[in-house]
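[1] quick check, what structure comes out for this input:
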Amino acid sequence: MFLRAKNRERVEMKRAILFFEDLRLGPSQISKFREFIGNLFKDYDVINYDASGERSGRYPLIQFKLINREPAVPAIITLTDKAVNLFSVIFMNLNKIVIDEIQISVHEKNLQIEEVGFGWSTDTYVYQFMSPWIGMDQKDCQTCRRTKSVAEKDRMLKKYLLRDVLFMSEYVGYRPEPVGDRYWGTDQKIGPELRLKEETVHLKGEVLTGFTGIFKTNFIIPDYLGIGKSVLQGFGTVKRII
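    Numbers count the residues shown, from 1 in each chain. Have a look, this model is predicted:
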């Protein structure tokens, strides 16, 4: 069931983060960590996802990250009451993982569950991409790169950023109330500030263009969720800084 949101209405939903405090995995091992979990619990629909990590018609409710603490630790994040309730039962029984046929014991886990806000707000927040956001295909990136107008570049970036936020919203069960044929009014839009820079991304043998930096919006996004393409690979992770 979708939560139909009125103008400037936020909702509360559960978010869980499971930190594996004693695991030390490199970025290249996160995808293998994800595949192991996916295979182990493949019969659970809320965990099932496209193995490629690409957008497959729905937003992944369970995501795998390297959280940039000191030192960085692997973590699994999930959102929505249904996903969190299932998550808290099955993952606390996870005492080992297997990567490259090597069994690794899991001794120290830290599960944090809390209610978080999600959706449109009368307040404005600033978010930082903790990992590159892949929001455009290469053709669109080239078009954006050739555009001499800074305002036009910003318009393109905001357009794709808004698309990815709305895609995420739909698959966590939240739909903002349309205004006319749009999903936002004059005070409901991404911006006005967006400071991003290009960054080269290597993904499965391909060289892609991602973007890092900050953006401002009056849409509440819980920390460590990913937006854009290859979210399951850890890309597009956001964290609120203001």
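
[2] show me what the longest helix seen in the chain is packed against.
    In the chain, assigned by DSSP state H, the helix with the most residues is helix 150-171. Where contact means 3 or more Cβ pairs under 8 Å, 6 or more residues apart in numbering; DSSP states H and E, helix 150-171 is packed against helix 138-146, strand 174-176, strand 190-203, strand 206-220. No exception for glycine: its C-beta is placed from N, CA and C like everyone else's.

[3] moving C-terminal of the helix or strand of the chain with the lowest mean pLDDT, what's the next helix or strand?
    Scoring the helices and strands of the chain by mean pLDDT, DSSP states H and E places strand 3-5 at the bottom, with a mean of 48. Downstream of strand 3-5, the next assigned helix or strand under DSSP states H and E is strand 10-20.

[4] can you give the strand pairings for that following strand, parallel or anti for each?
    Paired with strand 10-20 in the same sheet, following DSSP bridges, are strand 73-79 (antiparallel), strand 109-129 (antiparallel).

[5] quick one, that strand and strand 206-220 angle?
    Strand 10-20 and strand 206-220 meet at an angle of 130 degrees, taking axes from the mean of the first three to the mean of the last three Cα atoms, to 10 degrees as the criterion.

[6] how far off centre is strand 10-20?
    Strand 10-20 has its C-alpha centroid displaced from the chain centroid by 12 Å (Cα atoms, centre = their mean, to the nearest Å).

[7] ok, stretch 135-142 next?
    Worked out by Cα atoms, centre = their mean, stretch 135-142 lies 19 Å from the chain centre.

[8] next one: stretch 72-79
    Distance, centroid of stretch 72-79 to centroid of chain: 11 Å (Cα atoms, centre = their mean).

[9] what are the phi and psi angles of D100?
    In terms of degrees, to the nearest 10, the main-chain angles of D100 are phi 50, psi 40.

[10] you'd agree it is up against E35?
    No: with contact defined as Cβ atoms under 8 Å, D100 does not count as touching E35 (11.0 Å).

[11] any idea how far A83 is from W120?
    Distance of A83 to W120, computed by Cβ to Cβ, to the nearest Å: 22 Å.

[12] and if you look at E9?
    Taking Cβ to Cβ, one finds E9 at 6 Å from W120.

[13] so which of the helices and strands packed on helix 150-171 is nearest L162?
    With Cβ to Cβ as the measure, strand 190-203 is the member of these nearest L162 (4.9 Å).
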